[in-house]
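Peer 1: Here is the input, now give the coordinates:
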Amino acid sequence: MLRLSRLTDYAVTLLTQMVSGEERLWAASDLAGKTGLPLPTVSKILKQLAKAHLIGAQRGAAGGYRLAHPATAISVAAIIEAMDGPIALTECSDGGDHACGVEPICPMNGHWNKVSRAVRAALETVSLADMVRPVAFVFDAPPASERIAP
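Peer 2: Numbers count the residues shown, from 1 in each chain. Predicted coordinates for the structure are as follows:
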């Protein structure tokens, strides 16, 4: 099963809260209060997001954090990579230097890279702005053969 880390999930939560506040500066304590996340966790995440240049930090008494780019320009892929590193389904497909004893004879050598690139490409198509839009639920009526007669 593919699963995002809890910190990545929290990062998306914090960023969507920042989007809802338009262009304002956000104090870490304000974000913690609005999201219900612990302040130390919020601070840790904000530092990682700032290091990845997804948010900007302003120091001082009137300081805080704000998005470094429009919400439409921040992809879910960028958020995941900021928090968890490269998007890869296996260690041998993350571009790192991993010592694998069976790599020379592995029938999957290079194939997982294609899958990882496809997953990353799909995540690139979803923006932070998409994540704050309300989800439209579409009710699909069951086929006539499955409907209960009145």
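
Peer 1: Mind giving me the packing neighbours of the helix or strand harbouring R117?
Peer 2: For R117, the host element (DSSP states H and E) is helix 111-124. The contact analysis (3 or more C-beta pairs under 8 Å, 6 or more residues apart in numbering; DSSP states H and E) places helix 111-124 against helix 76-84. Heads up, the C-betas are built off the backbone N, CA and C, glycines and all.

Peer 1: Could you check how far the helix it packs on is from the centre of its chain?
Peer 2: 5 Å (C-alpha atoms, centre = their mean, to the nearest Å).

Peer 1: Going by neighbour count, list what's buried in it.
Peer 2: Neighbour-count burial for helix 76-84, with 16 or more other C-beta atoms under 10 Å as criterion, is recorded at V76, A77, A78, I79, I80, E81, A82, M83.

Peer 1: so where do the helices sit in the protein?
Peer 2: 6-20, 28-35, 39-51, 76-84, 111-124, 128-132 (DSSP state H).

Peer 1: if we look at the third one, which residues are touching it?
Peer 2: Going back to what we said before, that points to helix 39-51. Contacts with helix 39-51, where a contact means C-beta atoms under 8 Å, 6 or more residues apart in numbering, come from 7, 10-11, 14-15, 28-29, 31-32, 35, 55-57, 65, 79, 82-83.

Peer 1: among the helices of the chain, which is nearest P70?
Peer 2: helix 128-132 (7.6 Å; C-beta to C-beta).

Peer 1: The closest one: how far from the chain's middle?
Peer 2: 10 Å.

Peer 1: Flag every buried residue along that helix.
Peer 2: Quick answer for helix 128-132 (16+ other C-beta under 10 Å): L128, M131.

Peer 1: can you pull the contacts of the nearest residue to I74 once chain neighbours are set aside?
Peer 2: Setting aside the residues directly before and after it, I74 is nearest to L128 in space (C-beta to C-beta, 6 or more residues apart in numbering), at 4.2 Å. When contacts are counted by C-beta under 8 Å, 6+ apart, L128 is found next to V12, L15, T16, V19, L67, A71, T72, I74, S75, V76, I79.
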